[in-house]
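> Whatever this is, show me its structure:
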Amino acid sequence: MNTSYTRRLVPACAIALAVAALAACNKSEAPMDAPPASAPAPMEPAPAPAVPPATPPAASAPDMGSSTNTTVGEKIDDTVVTTKVKTAFLADDTVKGMDIKVTTVAGEVQLAGEVETQAQMDRAVEIAKGVEGAARVQNGMTLKK
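Presented below is the predicted three-dimensional model:
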């Protein structure tokens, strides 16, 4: 097996496992060794609640800082975008994926680090723009001297 391919495959797998762990970290499970407190009560159908009619939001109500408040889902989405970009870098022969730092905030991918050639920089930006979920790409990379 090609050692260059192996060196790229191992970090890509590690990143994928990290994303999977992040996605599963918010799930709670009941302890397996604790017996149930009591037998469950028989279920009776609950009366149907009265559903009020839906009211559309007021057109003049301001959006109170939704751009600064992020949810867990948005953070996971950003992590997934970052992982996809890094994985795409590792799969590309032109880009040295380990030399480029990738950060995603609210769908904006930020690239930083030093690359050897302008072609690597251009290819990295092109790859990042092609990743699903990347709304914008900020190029903060520099050329090595």
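
> just checking, what packs against the helix or strand hosting A124?
Per DSSP states H and E, A124 falls inside helix 118-129. Using 3 or more C-beta pairs under 8 Å, 6 or more residues apart in numbering; DSSP states H and E, the elements in contact with helix 118-129 are helix 72-91, strand 108-115, strand 136-143. C-beta coordinates here come from the backbone N, C-alpha and C atoms, glycine included.

> Reformat these as CSV; add distance to M121 and mean neighbour count.
Formatted as CSV, the helices and strands packed on helix 118-129 follow (distance: least, C-beta to C-beta, whole Å; neighbours: other C-beta atoms under 10 Å):
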stretch, distance to M121, mean neighbour count
helix 72-91, 12, 18
strand 108-115, 5, 18
strand 136-143, 5, 14
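
> Extract the residue ranges of this structure that are flagged as low pLDDT.
The chain contains residues with pLDDT under 70 at 1-14, 16-76.

> what about stretch 92-106, start to end distance?
Stretch 92-106 has an end-to-end distance of 25 Å (C-alpha to C-alpha, to the nearest Å).

> Tell me which residues touch Q138, please.
108-111 (C-beta atoms under 8 Å, 6 or more residues apart in numbering).

> do the same with E108
Neighbours of E108 in contact, by C-beta under 8 Å, 6+ apart: 134-138.

> closest to Q120 among those residues?
Closest approach between the contacts of E108 and Q120, by C-beta to C-beta: V137, at 14.8 Å.

> Look up which residues are beta-bridged to the closest one.
Note on V137: beta-bridge partners by DSSP bridges are V109.

> What of the one 4 residues further on?
When bridges are assigned using DSSP bridges, the partners listed for M141 are G113.

> Tell me which residues touch it, please.
100, 111-115, 121, 124.

> which among those residues gets closest to D93?
The shortest approach to D93 among these belongs to A124, at 12.5 Å (C-beta to C-beta).
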